[in-house]
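In: Return atomic coordinates for the entry below.
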Amino acid sequence: MEMRQKGRSGATKRRRSKSKASSDTTHRLPSDPSAAVAATLAVLSIPRCPSSEPLLKSTLNKLLRVLLSAPPLSEDFLNLTISVLPPLLSNSRSSEIISVGARIVGAASLISFEMNEKLASDGEIVRALVPKVVNSETRVAMAACDAILDLSTTSLGRKRLLELSALEYLMLGFLQVKVYKSSGASVSVLILDKGGVPCVGGESGEDELLLLLLNAAVTLVNSCSIEHLEEIPKKLMELFVVQLKQLWTEVRAKVIAREASQRRHRFLSNLTASNVAESLFRLSMNATRSVYIPTEEIVAQIFGTSDHSFMDFLLNHWESSVFLLRKPKSNSDEEGDIFRPFMQFLNCSGEFPSTLSALLQGMVSCVPIGADDTDILNFLKEAGETLGCPMVYEQDIRVLRTWTPCLKTEDHYFERSLTNRPVKTHHSIYMNDIMKCEDAYKLGYTIAMRGMEFRCMSIAAIADKLAYLFGQPSVGANLYLTPPNSQGLACHYDDHCVFVCQLRGTKQWTVFHEPVVQLPRLYQHMEHSTGSLTKSKQITLTEGDVLYIPRGVLHEASTSVFRDSPDRAADFSLHITLSVEIERSFEATTVVILKVVVYIFFLGQGYDELPVAHGAHGLGENVPGIADSMWEGFAHVALFCWSQSLKASDTTNKMEAICVSFLHVAIGVLGNSNPVYRKACLVAADSLTSDTKNWLDQNQRAIFNQLIGEIYEVSSFMDALKRIQMSIQSGEDPFHWIRWLSLLIDKKMIQHDWLSHFEGIVNLLPLNDERKDEAEAAFLTIKSKFCREVVFDDVKAHFKMLHGMYKKTRKQYMNGMLSLHF
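Out: Coordinates of the predicted model:
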């Protein structure tokens, strides 16, 4: 397959050196291309002497011209060409001969995919080529870099280069030119036009080598597996990341500013902002963070200073009632303040909004990671060119106010000022938009920034510790800056529990006593009205105060003065909310069941394939979701663990296996009706003291036993059957979660063993009275055995394993995103 017309993926766009080998001399090409190879082999066979060197250079230049002219070449010719390369690269002392040899490797690798892979598979050639990127002769190093970039145009080429340490040599070569030689070589960023793509460029000969080294290194970094990234020498990686971070800071600034370069760049690469961002992200995923905040300090500032403050909070307030912790008057502003590093990060010595633009200029979009992702490289593949892009309105930042006291409607500044398009369409925040944010603040708009745990090291440290305390994969953090006499968000409830931490100024909160929704699920939004809610509490937060609001509880806040405090002057407010999202998707078991049931049902009706309305993507389709941290999810894990032991006994019949699937559906039905199933499962929590750990373990066991008793007493075969039948009849998938079970059992089992069970379900539908009685009796037997035999500790081990998988991916994502900010 020809590949020369594709060009070099990610290679530097530059003129070939004006040597004899690359000048336009195709009229002097040998009539028989093989003659050039034969001549080269003949010269190589001559014992090394000064007189043979000119002849070798001449024959090599002829061979290179043949390859560059891209005539039809025989396989024998290409094999002969490969055979001359190892001695050229390994044994020659002439920098000109080595550089021409390297260029022959590059030219040959672009002839076809097959030729590229042949060259990459030749260990002698690659081993001889790779060290040449650190050669003291610039033209040798450049030729070697060119060849590596050409070899990198195939996946096998990149794989072999990584296996033979090409990335380490490229990093070392880049550092030698950039740091140790102190030659003034540099790279710069060029925006092609106002709406163009930012590319990395250079101006001098040394710049060109630096660009080639960077280009090749970034190409290979972005092809690395997790295992290879972990094998890069730590010190080498750290030094390279420092230089890459400096470049990224310039790239980010010019992307956000849409700044067109006024200089003419002699050399321009194909490296885009997202290429550089991805490399920095990958190299930072497993980095050790520089900010450490002791867990004891976090607990003291959010829950109180007593030894049992966290346990008392769990007992008396968690998911049930509002909790207010006032800053102790005895504390100074600096003593034990976990947010002090964050305030230094914000540079709050200046006045808002003067420091706002500087803050926003250092931010990029935090591309959402798929809720079902346990593979960070899969996220990077899906993120693509969006990684490192400017912030996106709604996703990363909101600028809004609530006005018209009677209507209490939210007004978005961007809808009025920044675009003629609906704000819900993709709107990136560039420099002109950032400057308008200051104007919006002065007009009474709140600036709300999401994902602060991905933008600031100290907030990441706090979020991590809270996630450990509550046994969740992650904790979010949003920042709110509200001017005096203003309200940002309208009255609302959240689908997650929040800790409001007042950093500067004051804010007045109105919190209603009764939840409008009992423990809502994540992303479950319902219409609400305050008309029937008369009981509310008014709370004024000042610097250092913390307010906990459970999910489902209506609340609103403003910087206006309460009627009962007319003497208090209105002030601006800066607060951060730490969000504990109780994530859900183990109900995906039900999704898998229903999708497969619908699929097989239609096949049974004579359809050749599933109708489009019912989803024609097959059983392997992933739907959004995340590891379930609710007790409903823990119940599904429990049933999974027990069913695996049932299968191991080799006595399970098809009806029993089908009834296990029905029981999963029945648990899902219970989860919708009983709020206990929607409570947060804290089995994976890492509590502070041994007393709290022991108490929490006993508490979680008691809740588990309660739920198992509920399943035994209340779960119904008829409810599960009705749910399945309704799904089939409506042709709709009522769930939106992943096939999480594929993370816990062998995929081969899913494809074969599971399908046989679902075929049995189809045979039961529709059920006559006799078959229904038979199935219900089997269901009751399975339910009884499960509730009697399931072991909490076995379930806990599986649950923590799955939790660990999600947590690892979230940590990698957090580290990568942190590297792209400030």
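
In: Can you tell me the SS state at residue 576?
Out: strand (DSSP: H, G, I helix; E, B strand; the rest coil).

In: Next one, pLDDT for it please.
Out: As predicted, residue 576 sits at a pLDDT of 97.

In: With residue 168 instead?
Out: Model confidence at residue 168, given as pLDDT, is 97.

In: tell me which element it falls in.
Out: Element membership for residue 168, per DSSP states H and E: helix 166-175.

In: which secondary structure elements does that helix contact?
Out: Applying 3 or more Cβ pairs under 8 Å, 6 or more residues apart in numbering; DSSP states H and E, we find helix 166-175 packed against helix 138-151, helix 205-221, helix 234-257. Bear in mind the C-beta positions are built from the backbone N, C-alpha and C, glycine included.

In: Pairing-wise in the sheet, spell out the partners of residue 479.
Out: residue 449, residue 576 (DSSP bridges).

In: List the contacts of it.
Out: Contacts for residue 479 (Cβ atoms under 8 Å, 6 or more residues apart in numbering) come out as 448, 449, 452, 574, 575, 576.

In: Equivalent analysis for residue 129, please.
Out: Taking Cβ under 8 Å, 6+ apart, one finds 89, 102, 105, 144, 147, 148 in contact with residue 129.

In: element containing the first one, please.
Out: According to DSSP H and E, residue 89 maps onto helix 75-91.

In: sec struct for residue 560, please.
Out: Using three-state DSSP, the structure places residue 560 in coil.

In: Help me confirm that it comes into contact with residue 509.
Out: No: the pair residue 560 / residue 509 is not scored as a contact, 11.4 Å apart, by Cβ atoms under 8 Å.

In: who's more crowded, the two?
Out: residue 509 (23 against 13; other Cβ atoms under 10 Å).

In: Remind me what the one helix or strand the more buried one maps to packs against, helices and strands.
Out: Using DSSP H and E, residue 509 maps to strand 507-512. In this structure, strand 507-512 packs against strand 536-541, strand 546-549, strand 555-558, with contacts taken as 3+ Cβ pairs under 8 Å, 6+ apart.

In: buried residues in the longest helix belonging to the chain?
Out: Criterion DSSP state H: the longest helix present in the chain is helix 792-819. The neighbour-count check on helix 792-819 (16 or more other Cβ atoms under 10 Å) flags 792, 795-796, 798-799, 802-803, 805-807, 809-819 as buried.

In: Relative to residue 216, how far out is residue 396?
Out: In this view, residue 396 and residue 216 are 32 Å apart by Cβ to Cβ, to the nearest Å.

In: ok, those two, which is more surrounded?
Out: Just comparing residue 396 and residue 216: by other Cβ under 10 Å the higher neighbour count belongs to residue 216, 31 against 24.

In: Now do the same for the nearest residue to residue 296 once chain neighbours are set aside: its pLDDT.
Out: Sequence neighbours aside, residue 688 is the residue nearest to residue 296 in space, at 7.0 Å (criterion: Cβ to Cβ, 6 or more residues apart in numbering). Looking at residue 688, its pLDDT is 72.

In: ok so, going back, out of the helices and strands packed on helix 166-175, nearest to residue 435?
Out: helix 234-257 (10.7 Å; Cβ to Cβ).

In: tilt between the closest one and helix 792-819?
Out: Relative orientation of helix 234-257 versus helix 792-819 (axes from the mean of the first three to the mean of the last three Cα atoms, to 10 degrees): 60 degrees.

In: Tell me the helices and strands packed up against helix 234-257.
Out: Helices and strands touching helix 234-257, by 3+ Cβ pairs under 8 Å, 6+ apart, are helix 166-175, strand 188-191, strand 198-202, helix 273-284, helix 431-442.

In: weakest of these in terms of mean pLDDT?
Out: Among the helices and strands packed on helix 234-257, strand 188-191 carries the lowest mean pLDDT (a mean of 63).

In: list the contacts for residue 504?
Out: Neighbours of residue 504 in contact, by Cβ under 8 Å, 6+ apart: 343, 348, 543, 572, 573, 574.

In: Select from the residues you listed the one having the most neighbours.
Out: residue 573 (26 neighbours).

In: Tell me which of the helices and strands packed on helix 166-175 lies nearest to residue 775.
Out: The nearest among the helices and strands packed on helix 166-175, by Cβ to Cβ, is helix 205-221 at 55.9 Å.

In: can I get the CA coordinates of that closest one in PDB?
Out: Provided in PDB are the C-alpha atoms of helix 205-221 (Å, rounded to 0.1, in the frame of the first residue of the first chain):
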ATOM      1  CA  GLY A 205      19.000  26.300  12.500                       C
ATOM      2  CA  GLU A 206      19.200  25.300  16.200                       C
ATOM      3  CA  ASP A 207      15.500  25.900  16.500                       C
ATOM      4  CA  GLU A 208      14.900  23.400  13.700                       C
ATOM      5  CA  LEU A 209      16.700  20.700  15.500                       C
ATOM      6  CA  LEU A 210      14.800  21.500  18.700                       C
ATOM      7  CA  LEU A 211      11.500  21.400  16.800                       C
ATOM      8  CA  LEU A 212      12.300  18.000  15.300                       C
ATOM      9  CA  LEU A 213      13.300  16.600  18.700                       C
ATOM     10  CA  LEU A 214      10.100  18.000  20.300                       C
ATOM     11  CA  ASN A 215       8.000  16.800  17.400                       C
ATOM     12  CA  ALA A 216       9.300  13.300  17.600                       C
ATOM     13  CA  ALA A 217       9.100  13.100  21.400                       C
ATOM     14  CA  VAL A 218       5.500  14.300  21.500                       C
ATOM     15  CA  THR A 219       4.500  11.900  18.800                       C
ATOM     16  CA  LEU A 220       5.900   9.000  20.800                       C
ATOM     17  CA  VAL A 221       4.700  10.200  24.200                       C
END
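
In: The contacts of residue 504 into a markdown table, with extra columns for secondary structure and distance to residue 494?
Out: Converted to a markdown table, the contacts of residue 504 look like this (DSSP: H, G, I helix; E, B strand; the rest coil; distance: Cβ to Cβ, whole Å):
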| residue | secondary structure | distance to residue 494 |
| --- | --- | --- |
| 343 | helix | 25 |
| 348 | coil | 26 |
| 543 | coil | 23 |
| 572 | coil | 23 |
| 573 | strand | 18 |
| 574 | strand | 19 |
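
In: picking that back up, for the contacts of residue 479, could you give me JSON lines that also reports distance to residue 254?
Out: Converted to JSON lines, those look like this (distance: Cβ to Cβ, whole Å):
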{"residue": "448", "distance to residue 254": "26"}
{"residue": "449", "distance to residue 254": "22"}
{"residue": "452", "distance to residue 254": "24"}
{"residue": "574", "distance to residue 254": "29"}
{"residue": "575", "distance to residue 254": "33"}
{"residue": "576", "distance to residue 254": "30"}
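
In: Kind regards, and thank you for your time.
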